[in-house]
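Novice: Predicted model and sequence below, questions to follow.
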Amino acid sequence: MKTKKIHALLLFASIILMTASCVKELDFEQLDDVVLTPVFEADFIYSEFDIEDYIPQGTPPNIEFTIPPEVLRDTINYDLVGTDFAIDNLDRVELTIEARNTIEVGFTIQFQFLTQDGQPIGQLYSIPVQAGLGEGTEPVISFSDPDPIVLDNATLNQLASAQKIATEIIVPTLNSDLRGVLDLRSKASYYVNYQL
């Protein structure tokens, strides 16, 4: 008998709560205020320079030599923004570059965007790379996450026709006794700002 009274009381309380609940009026116009801000990451530039691969065959110890600049140039296809939608909705692109060097010489890494015809467009970017401490040591990191290169909306509009990227490692005169590796890695973070 007591269980019937408890069930009846619970049923009565449920009905009261359902009829007394509040419903807030929904404003479907709020969808116009929704802004999507995802971040997409893509590989950007990758290169590895092992000095031992560039020492001329048969070079005696402790001899200075140079590497022809064209050997250390590379051009790859890289469509920076792709479509008008991307240009219109990108807030910025941040290029994070990290150079790890164990070679006891400093370098400069340069890159520039190109049109499909190979014409330079926009700024030439130069990144200094500090000298390393020698083969078998911890690499010296020269340019990394706290200092990204920021391509703002105005720069992205200027680079809208970029289809390629040209990179070059600028090396000083080297010595045949040097050993080590320069490892360059980078990523592009695309910050989208799209209003529904």
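Specialist: Thanks, I have the structure now. Residues are numbered from 1 along each chain as shown.
Novice: Report how many residues lie close to the spatially closest residue to residue 172 that is not a sequence neighbour.
Specialist: Excluding the flanking residues, the one nearest residue 172 by Cβ to Cβ, 6 or more residues apart in numbering is residue 105, at 5.9 Å. The way it works is simple: take the backbone N, C-alpha and C, and place the C-beta from them, glycine included. By other Cβ atoms under 10 Å, the residues close to residue 105 number 18.
Novice: Which secondary structure state is assigned to residue 105?
Specialist: At residue 105 the chain is in coil, as set by DSSP: H, G, I helix; E, B strand; the rest coil.
Novice: what about it, distance to residue 59?
Specialist: Going from residue 105 to residue 59 by Cβ to Cβ, to the nearest Å gives 16 Å.
Novice: quick revisit: correct me if wrong: the residue nearest to residue 172 contacts residue 178.
Specialist: Yes: between residue 105 and residue 178 a contact is recorded at 6.5 Å, counting by Cβ atoms under 8 Å.
Novice: Which positions in stretch 77-84 come out as buried?
Specialist: 78, 80, 81 (16 or more other Cβ atoms under 10 Å).
Novice: And those residues, which is closest to residue 186?
Specialist: Nearest to residue 186 out of these is residue 78 (Cβ to Cβ; 11.3 Å).
Novice: re earlier: can I get the buried residues of stretch 77-84 in JSON lines with pLDDT?
Specialist: JSON lines is the format used below for the buried residues of stretch 77-84 (pLDDT from 0 to 100):
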{"residue": "78", "pLDDT": "90"}
{"residue": "80", "pLDDT": "84"}
{"residue": "81", "pLDDT": "81"}
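Novice: Out of these, name the ones that lie in helices.
Specialist: Counting by DSSP state H, no part of the buried residues of stretch 77-84 is found in helices.
Novice: how about those in CSV, adding distance to residue 87?
Specialist: Formatted as CSV, those follow (distance: Cβ to Cβ, whole Å):
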residue, distance to residue 87
78, 16
80, 10
81, 5
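Novice: What about those residues, which are in strands?
Specialist: Of the buried residues of stretch 77-84, none are assigned to strands by DSSP state E.
Novice: Closest to residue 45 out of those?
Specialist: Using Cβ to Cβ, the buried residues of stretch 77-84 come closest to residue 45 at residue 78, 8.6 Å.
Novice: phi, psi of the closest one?
Specialist: Main-chain dihedrals, residue 78, degrees, to the nearest 10: phi -150, psi 100.
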